[in-house]
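A.B. asks: Fold the following, please.
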Amino acid sequence: MQVSSVNDVKIYNLSHGKSLPQWLSDRKKRKLQNQDIDVRRRIELIQDFEMPTVSTTIKVSQDGQYVLATGTYKPRVRCYDTHQLSLKFERCMDSDVVTFDILSEDYSKIVFLHCDRYVEFHSQHGHYYKTRIPKFGRDFSYHFPSCDLYFVGSSSEIYRLNLEQGRFLNSLQTDASENITCDINPAHCLFATGTAEGKVETWDPRVRNKVGVLDCALSSVTEHTEVEGLPSVTALKFNGALQMAVGTSTGQILLYDLRSDQPFCVKDHYYGLPIKSVLFHNPLDLVLSADSKILKMWNKDTGKIFTSIEPEHDINDVCLYPDSGMLLTANEAPKMNIYYIPALGPAPQWCSFLDNLTEELEENPDTTVYDDYKFVTRQDLENFGVAHLIGSPLLRAYMHGFFMDIRLYHKVKTLSDPFAYEEYRREKIRQKIEETRAQRVQVKKLPKVNKELALKLIEEEEDTEQGRKKKKGKAVPNILSDDRFKAMFENPDFQVDEESEEFRLLNPIVSKVTEKRKKKLKLLNDQASLEQEEEEELEGKPSDAESSETSDDEKEWVNEVKMQHKLLRKEEKVKRQERTKLDRQTALKPQFYEIKAGEEFKTFQDAGKKMKLQKKTLGERLKLEEKLGTLSMSDTTVGSKQLTFKMKKSAEQVRRQDAEKQHHEERKKIRRSAGHLKSKPSKRPIFFRKK
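C.D. replies: Here you go, the predicted model:
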């Protein structure tokens, strides 16, 4: 088992490890398990869960008991029983399987679409029937209410095969040259097909008519995407009644609301490879999209990446086990991968022991996939002088850099920087010197930004410390020592603007308090001795002088506030005068409006009439409408009143009615009467007699 962590999400690869050949005896298998650690640590969740060469598609039955997969070579289908954790049966076929679908809850009814235009039906005992479609098929969907199979392929037609009647029905004609994929909405049975021209056509199976067309090729091109050629639709999936996911051949996934023709989210894989599978995980609102290289899981509302899986071999198909965190993938390799992600959901009931196993692994963390590797960027490789290793097996590309073996990283670093030990030694010596300096008397250093505010906080801290010593209370946290407010004293964007209107209005009140702080700032900047500061602080005045001074300070504060208000008013007047000058300089130009073709100019009196009508009371409006004939009032038998309104027709409606009347009159003139075509009585046959 392989454990990896991508975006802090644990992913357990249960298929990782060496696979033992089938022809080995049990004794040799036990011997290998004792000798080889990799064989001993592997977990064989389902026995013989592999194909001879390549696996193409994989699906789970509706009851969750059976897992069916197709592969080659020879072309075959294998069914695995999850209750027995082993292979149930294997059936070989004549040609490769493009795709298949399970029509029943178990494996008793299966439909296979082959690459040679054949459609093969299997029952519980084996092969049941085989038929052929006119063109090569790409995909098909099953319509449960009518028992119809819809086949799309290398033609513009959608072939319909009714399983109840056992015959082909009239095909549906699309506007595309080729249809690649299709899907049916399980809520309202809307049928959708993706075309090679990058469009999605939707059909209503009840009336067999086209409902709408979405142009996904144009919507897939965004600012940050580079598209080469016309993107075609390669994957389709409905979610509920209103949401639909569309995958393109250029690596984009578009999420649509069926009520809109524009996607509400566009996600790019940035690999330029066609999307092979799109799935929805509703409990966490996730979308699972896979191309041949990577499987990504991301939020369907924001597009934020949840996690991703990048297997060693190319991906052919992805299947999500229902109501669990297990993923099954068909790959370009004999072994089919099984992934378990606890963040997606619990383990299935038939392998519930996985939950206990993963909990034990989390309690005793082992080395993950990336513990033995070091992430380096392209700039780091150039600094080390090993940029030529890009593209070799020694570097594994990942995101904006590469993963390098930690042993190789240490060797390269020592060769590129041989004096690293001397720098490390100097750094250690400098740290020890600073530790010894910390014992000396330190001069207070103020930050570069908001020095006055920092000095105020220092004074308040000193006052609180003195009060705490007297009252023996707990220490209060200071903003200067808090990392959350570090940017307030380092970033110049947080500097207090003393010229702003708010500061100027508050400045007279704060000015008397800040004068003492300004003196202290000068003393701290000059690094004056503490004794001189204490002497200046001790120089005081008697209490009566202080009381008289407070009243004078209050008067000065009021006068300063008034002065600030006057200055602000003067500045506002100057700004108004400048605005008026600019308005006078700019002469107003008349604006002209062009009337659309087919419309007549109307006076502005209609707007005035509407305003007058709005000002009138309801009774006056009713009387006016009775006169015009748009309202009729009558009494009913019960005693209540009944009002009927005639809506006023718009100019467009009147124009249409006039055009229809004119058209009917023209048709009457051209029409020829059919009165002259009357049935004539047939003549009786004449018989001749011989004389």
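
A.B. asks: Give the closest residue to residue 296 in space, chain neighbours not counted.
C.D. replies: Excluding the flanking residues, the one nearest residue 296 by CB to CB, 6 or more residues apart in numbering is residue 308, at 4.7 Å. C-beta coordinates here come from the backbone N, C-alpha and C atoms, glycine included.

A.B. asks: Would you mark the buried spots in the host helix or strand of that neighbour?
C.D. replies: For residue 308, the enclosing helix or strand under DSSP states H and E is strand 305-309. Judged by neighbour count using 16 or more other CB atoms under 10 Å, the buried positions of strand 305-309 are 306-309.

A.B. asks: And the contacts of that strand?
C.D. replies: For strand 305-309, contacts defined as CB atoms under 8 Å, 6 or more residues apart in numbering pick out 6-7, 9, 11, 284, 286, 294-299, 327, 339, 341, 343.

A.B. asks: out of those, who's nearest residue 162?
C.D. replies: Nearest to residue 162, judged by CB to CB, of the contacts of strand 305-309 is residue 327 at 35.1 Å.

A.B. asks: Could you report the separation of the residue nearest the centre of the chain from residue 243?
C.D. replies: In the chain, the centroid-proximal residue (CA atoms, centre = their mean) is residue 303; its distance is 1.9 Å. Going from residue 303 to residue 243 by CB to CB, to the nearest Å gives 14 Å.

A.B. asks: Please check the contacts of strand 305-309 and keep the buried ones.
C.D. replies: In the contacts of strand 305-309, burial by neighbour count holds for 6, 9, 11, 286, 294-298, 327, 339, 341, counting by 16+ other CB under 10 Å.

A.B. asks: now these as TSV including distance to residue 502?
C.D. replies: Shown next, in TSV, are the buried ones among the contacts of strand 305-309 (distance: CB to CB, whole Å):
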residue	distance to residue 502
6	49
9	47
11	54
286	47
294	53
295	55
296	49
297	49
298	45
327	58
339	58
341	53
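
A.B. asks: Out of the residues you listed, which sit inside helices?
C.D. replies: Of the buried ones among the contacts of strand 305-309, none are assigned to helices by DSSP state H.

A.B. asks: Out of the residues you listed, which sit inside strands?
C.D. replies: 6, 9, 11, 286, 295-298, 327, 339 (DSSP state E).

A.B. asks: host element of residue 664?
C.D. replies: If you go by DSSP H and E, residue 664 is part of helix 651-670.

A.B. asks: how about that helix as CSV, C-alpha atoms only?
C.D. replies: Output in CSV follows, covering the C-alpha atoms of helix 651-670 (Å, rounded to 0.1, in the frame of the first residue of the first chain):
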residue,chain,number,x,y,z
ALA,A,651,-47.1,49.3,-30.9
GLU,A,652,-45.4,46.1,-31.9
GLN,A,653,-48.6,44.0,-31.4
VAL,A,654,-50.7,46.5,-33.4
ARG,A,655,-48.1,46.4,-36.2
ARG,A,656,-48.2,42.6,-36.3
GLN,A,657,-52.0,42.5,-36.4
ASP,A,658,-52.1,45.0,-39.2
ALA,A,659,-49.5,43.0,-41.2
GLU,A,660,-51.6,39.8,-40.7
LYS,A,661,-54.8,41.5,-41.9
GLN,A,662,-53.0,42.8,-44.9
HIS,A,663,-51.6,39.3,-45.6
HIS,A,664,-55.0,37.7,-45.3
GLU,A,665,-56.6,40.3,-47.7
GLU,A,666,-53.8,39.6,-50.3
ARG,A,667,-54.4,35.9,-50.0
LYS,A,668,-58.2,36.3,-50.6
LYS,A,669,-57.5,38.3,-53.8
ILE,A,670,-55.1,35.7,-55.1
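
A.B. asks: and it, what's its mean pLDDT?
C.D. replies: Across helix 651-670, pLDDT averages out at 85.

A.B. asks: same deal with stretch 126-140?
C.D. replies: Mean per-residue pLDDT for stretch 126-140: 93.

A.B. asks: Also stretch 392-403?
C.D. replies: Stretch 392-403 comes out with an average pLDDT of 83.

A.B. asks: buried stuff in it?
C.D. replies: Residues of stretch 392-403 classed as buried: 395, 401-403 (neighbour count, 16+ other CB under 10 Å).

A.B. asks: Which residues does it contact?
C.D. replies: By CB under 8 Å, 6+ apart, the list of residues contacting stretch 392-403 from outside reads 370, 373-378, 380-381, 389-390, 404-405, 408.

A.B. asks: can you rerun that using 10 Å?
C.D. replies: With contact meaning CB atoms under 10 Å, 6 or more residues apart in numbering, stretch 392-403 is reached by 6, 308, 310, 369-370, 372-381, 386-387, 389-391, 404-405, 408-409.

A.B. asks: Pull out the buried members of the residues you listed.
C.D. replies: Neighbour-count burial within those applies to 6, 308, 373-374, 376, 380-381, 386, 389, 404, 409; the criterion is 16+ other CB under 10 Å.

A.B. asks: Flag the helix or strand of this protein with the lowest per-element mean pLDDT.
C.D. replies: Each helix and strand of the chain was given a mean pLDDT (mean pLDDT, DSSP states H and E); the minimum falls on helix 530-538 at a mean of 45.
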